[in-house]
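A.B. asks: build me a model:
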Amino acid sequence: MNDEIYAKRERFVAAPMDTVSILQDGQSSAVAYLYEMNGRPYAVGFGGRRCKPDYNYRFRSHESRAAHVQKHFETLRANEQAARERKAARKAAGRGLDVGDVLHTSWGYEQTNVDYYQVTSLIGKTMVELREIAADRTETGWLQGTCTPVPDAFVGPAFRRVAKDGACTIDQVRHAWKLKRDDNGDYRASHWSSYY
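C.D. replies: Coordinates of the predicted model:
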């Protein structure tokens, strides 16, 4: 860890640094600064690369401080292990899309816009080529209704995006997810609204 992070963390310690014990957990990124003021034990704990403390407490006894620091270490170990497992699962899942899969977006301000995209090819390990497809829209009320995708009815040019776990970002405001079929093999209808 760099000196800038240590300097920012040390601002939260109320005692001179030469009187502080720094306790680092060997199995996680947890660090605890232990010190005493006026005969009372204190501890400031950090995790990861955070510069703000996870806790900054005065304790009734050295035993309660040791128990709290140990619990913090164990919690961070479990959290970091879970994060590593999630990362490995995402990596193993890859893009989660195949040619012919349909993705949908639902976005908008004061109205709900729904767009559909179809995967036309797979590129490399994580990239897909997409094309926007038409939607079969049914009006169910005033300026609102439901819609379903029409596969292979392309309305836009092909473009490429990085896909992870069945989803990808289309642009700054649209994120597309894989649309699943129901038991009959049909796509579930999405609700749309349009006031402009």
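A.B. asks: tell me the buried residues in the helix or strand of the chain with the lowest mean pLDDT?
C.D. replies: Ranking every helix and strand in the chain by mean pLDDT, DSSP states H and E puts helix 3-10 at the bottom, with a mean of 86. Within helix 3-10, the residues scored as buried using 16 or more other CB atoms under 10 Å are residue 9. The way it works is simple: take the backbone N, C-alpha and C, and place the C-beta from them, glycine included.
A.B. asks: list the helices and strands it packs on?
C.D. replies: strand 31-37 (3 or more CB pairs under 8 Å, 6 or more residues apart in numbering; DSSP states H and E).
A.B. asks: just to revisit the earlier point, quick one: mean pLDDT over the next helix or strand after the least confident helix or strand of the chain.
C.D. replies: Toward the C-terminus, helix 3-10 is succeeded by strand 21-24 as the next helix or strand (DSSP states H and E). Strand 21-24 carries an average pLDDT of 92.
A.B. asks: going forward, the N-terminal residue is numbered 49.
C.D. replies: Okay, using 49 as the starting number, the last item reads as strand 69-72.
A.B. asks: strand 69-72 pairs with which strands, and in what direction?
C.D. replies: Its sheet considered, strand 69-72 pairs with strand 79-85 (antiparallel) by DSSP bridges.
A.B. asks: and the helix or strand following the partner strand, how far from the chain's centre?
C.D. replies: Sequence-wise, the next helix or strand downstream of strand 79-85 (DSSP H and E) is strand 88-94. Between the centre of strand 88-94 and the centre of its chain there are 30 Å (CA atoms, centre = their mean, to the nearest Å).
A.B. asks: so which strand or helix has residue 101?
C.D. replies: Using DSSP H and E, no helix or strand contains residue 101.
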